[in-house]
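Trainee: Quick one: sequence plus predicted model below, questions after.
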Protein chains: 2
Amino acid sequence: MVDAPRPEWLAVDWGTSRLRVWAMAGDHVLEARASDQGMGGLGRDGFEPALLALTEGWLPATGQIPVIACGMVGARTGWAEADYRAIPCTPLDPAAAARPAVRDPRLSVLILPGLSQAEPPDVMRGEETQIAGFLARHPDHDGTLCLPGTHSKWVRLAGGKVTSFRTFMTGELYALLSRQSVLRLSIGEAEPDAAAFATAAAHPGAMVEHLFPLRAASLLNGATPEVTAGRLSGLLIGAEVAAARDFWHDRRVTLIGAPGISALYAQALATHRAAATQMDGAELVLDGLRAARRALSTDATGKDAMR
Amino acid sequence: MVDAPRPEWLAVDWGTSRLRVWAMAGDHVLEARASDQGMGGLGRDGFEPALLALTEGWLPATGQIPVIACGMVGARTGWAEADYRAIPCTPLDPAAAARPAVRDPRLSVLILPGLSQAEPPDVMRGEETQIAGFLARHPDHDGTLCLPGTHSKWVRLAGGKVTSFRTFMTGELYALLSRQSVLRLSIGEAEPDAAAFATAAAHPGAMVEHLFPLRAASLLNGATPEVTAGRLSGLLIGAEVAAARDFWHDRRVTLIGAPGISALYAQALATHRAAATQMDGAELVLDGLRAARRALSTDATGKDAMR
């Protein structure tokens, strides 16, 4: 009988709707788990039990294990508020992490802070750790990152720091409009048609004036659900890309996200003759948590004990 | 004992969420009733029972009573589809009305058709009857009408005809964003602040880039729910008014709607130095149904029997 390997630390990505945990030995993943115990559904007293439940068997019998977490778990309504750090700054500063009170003495939990921007007002929680993961791989990168999603982020990097960023609610708008507005009657469960997306993305114009015509075109001209979905997606992503011009007009964009959504953004950027590189960001958050762990080890020992 | 007055005809405004009926003698209202039996909640077989229930006591013991209806009741998924009439045309043509099959022989139901526009694609059902009511009072009016609401309409009138129109989903967008998006966390049940509305309405810019900063400003700067609500309302109405420029830049606008919402549109128009007259539209739909009844009587008898 072989003893189960004991993790040295736990990496935690705790968003609004998902909780992901990794049992780590140095930079090596021993095991990964996930649940739908996102912060959105938890009261303040619910976080520790949710973490203990998902990490069952990973905690030592005695002594403490470091837990490094990022994401909405650090919001005001999360486990413990981790104050935003104001840009310009590096994406990561584990010394500024929040330490929630815990009952189980084996847990030593750090929650990494998000970033804030004064003008225009903006915030992020979780993406800063993905950005840190990106910089860990590309430390000298100067350029723009775009992270599409429910709330997509455009981020300018220079000299290892975030110098400006902007959030668009494009994914949330698409979900609300396609599932809950009158447009749901013309879209249903359809996936966006590619050609319809391309045409709409190239001419988003004043987006608000093109929304109801989507419904009318399905009533009058028989536009299919797929075409209507493609047009809506194109209008919204096209409007976002046009409004984010400051972030791409003079620099190359790296798109970090699932291949499908990144390809749509690349297509919308191409209509402006803007170039973009696509990168699957699935593991970047873990790379960022690894970087935080290394920074903490260096701080604690005077040398980088984890390398 | 006095006999209850017997109506000569019934006027019906049947929208997605509401059913309103009037017992009429000529142009005179004998009684008005309303229910929440809108077309949105009714299957095809549900319309006649809903109408009979709400008009109980109004129908004659023998013989037929004309019923003139407008609104979403004439949609494809309504009681009987009343095909759209293509503009340019007068708002009203009772001869083009649909006649749903009925079981009760006392009912003679006409459903007035809506209007359609080929480019950009657009449709209306119900508003054309309000417009007819407006023209009944102002037959020589040339100008633009704006009917704010869930789906607001801008309508150009010339020579008694609708020459173009455009629908904006502004009211629906406000409801979705303020109640269901992440912005709900910053707005709650708050009513829009007037000063915040005015500032945002004057500078809607690319509306999509200003949405998430509303959330961030409440997190970072303590913007109140009222201020956030006012900014969101101002952004959306400001974006609509800016996009509707073709409808107001060279002509006076008549705003037809409840006083509160009309005042917000007037304020947004004023930032462009565009003038607007406000008019409470509550009774216009009944005026339009009266005009339809007069037109039918004229058709039927060769003279205007109702005047």
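Mentor: Received it, and whenever you're ready, just let me know what you need. Numbers count the residues shown, from 1 in each chain, chains lettered A, B, ... in the order given.

Trainee: can you pull the contacts of the residue of the stretch 1-150 of chain A found nearest chain B?
Mentor: Proximity of the stretch 1-150 of chain A to chain B (Cβ to the nearest Cβ) peaks at residue A:121, 3.9 Å away. No exception for glycine: its C-beta is placed from N, CA and C like everyone else's. The contact partners of residue A:121, by Cβ atoms under 8 Å, 6 or more residues apart in numbering or on different chains, come to B:213, B:216-217, B:219-221.

Trainee: swap the cut-off to 6 Å and go again
Mentor: B:213, B:216-217, B:220 (Cβ atoms under 6 Å, 6 or more residues apart in numbering or on different chains).

Trainee: Could you check how far it is from residue B:209?
Mentor: To residue B:209, residue A:121 is 12 Å away according to Cβ to Cβ, to the nearest Å.

Trainee: Next: residue A:59.
Mentor: 45 Å.

Trainee: And for residue A:235?
Mentor: For residue A:235, the distance to residue B:209 - Cβ to Cβ - is 15 Å.

Trainee: So which of those two has more stuff around it?
Mentor: residue A:235 (28 against 22; other Cβ atoms under 10 Å in any protein chain shown).

Trainee: The more buried one looks like it's in a helix, true?
Mentor: Yes - counting by DSSP: H, G, I helix; E, B strand; the rest coil, residue A:235 falls inside a helix.

Trainee: how about the closest residue to it other than its chain neighbours, secondary structure?
Mentor: Once flanking residues are discounted, residue A:235 sits nearest to residue A:200: 4.8 Å by Cβ to Cβ, 6 or more residues apart in numbering or on different chains. Here residue A:200 is recorded as helix under three-state DSSP.

Trainee: contacting residues around residue A:112?
Mentor: A:70, A:97.

Trainee: 10 Å instead?
Mentor: A:12, A:68-71, A:73-74, A:82, A:85, A:91-94, A:96-98, A:125-126, A:128-129, A:132, A:288-289, A:292 (Cβ atoms under 10 Å, 6 or more residues apart in numbering or on different chains).

Trainee: Mind checking which of those residues are buried?
Mentor: A:12, A:68-71, A:73-74, A:82, A:85, A:91-94, A:97-98, A:125-126, A:128-129, A:132, A:288-289, A:292 (16 or more other Cβ atoms under 10 Å in any protein chain shown).

Trainee: In strands, which of the residues you listed fall?
Mentor: Within the buried ones among the contacts of residue A:112, residues falling in strands by DSSP state E are A:12, A:68-70, A:85.

Trainee: out of those residues, who's near chain B?
Mentor: Near chain B, taking Cβ under 10 Å from any Cβ of the partner chain as the test, no member of these is found.

Trainee: Return the list of helices and strands in contact with the stretch of helix or strand residue A:196 belongs to.
Mentor: Using DSSP states H and E, residue A:196 sits within helix A:194-202. With contacts taken as 3 or more Cβ pairs under 10 Å, 6 or more residues apart in numbering or on different chains; DSSP states H and E, helix A:194-202 sits against helix A:225-243, helix A:259-270.

Trainee: for the longest one, the distance to its chain's centre please.
Mentor: I take that to be helix A:225-243. Mean-position distance between helix A:225-243 and its chain equals 21 Å (Cα atoms, centre = their mean, to the nearest Å).

Trainee: wait, isn't residue A:56 in contact with residue A:33?
Mentor: Yes - Residue A:56 lies in contact with residue A:33 (Cβ atoms under 10 Å); the separation is 9.2 Å.

Trainee: Pull up the overlap in contacts between those two.
Mentor: Common neighbours of residue A:56 and residue A:33 (Cβ under 10 Å, 6+ apart) do not exist.

Trainee: So these two - more neighbours on which side?
Mentor: A direct count of neighbours by other Cβ under 10 Å for residue A:56 and residue A:33 places residue A:33 higher, at 13 against 8.

Trainee: What about residue A:255? Give its phi and psi, please.
Mentor: phi -90, psi 120 (degrees, to the nearest 10).

Trainee: What about it, how many residues nearby?
Mentor: 24.

Trainee: Could you do residue A:201 as well?
Mentor: Residue A:201, neighbours per other Cβ under 10 Å, totals 28.

Trainee: what would the ones in strands among the buried ones among the contacts of residue A:112 look like in CSV with pLDDT?
Mentor: Shown next, in CSV, are those (pLDDT from 0 to 100):
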residue, pLDDT
A:12, 98
A:68, 98
A:69, 98
A:70, 98
A:85, 98
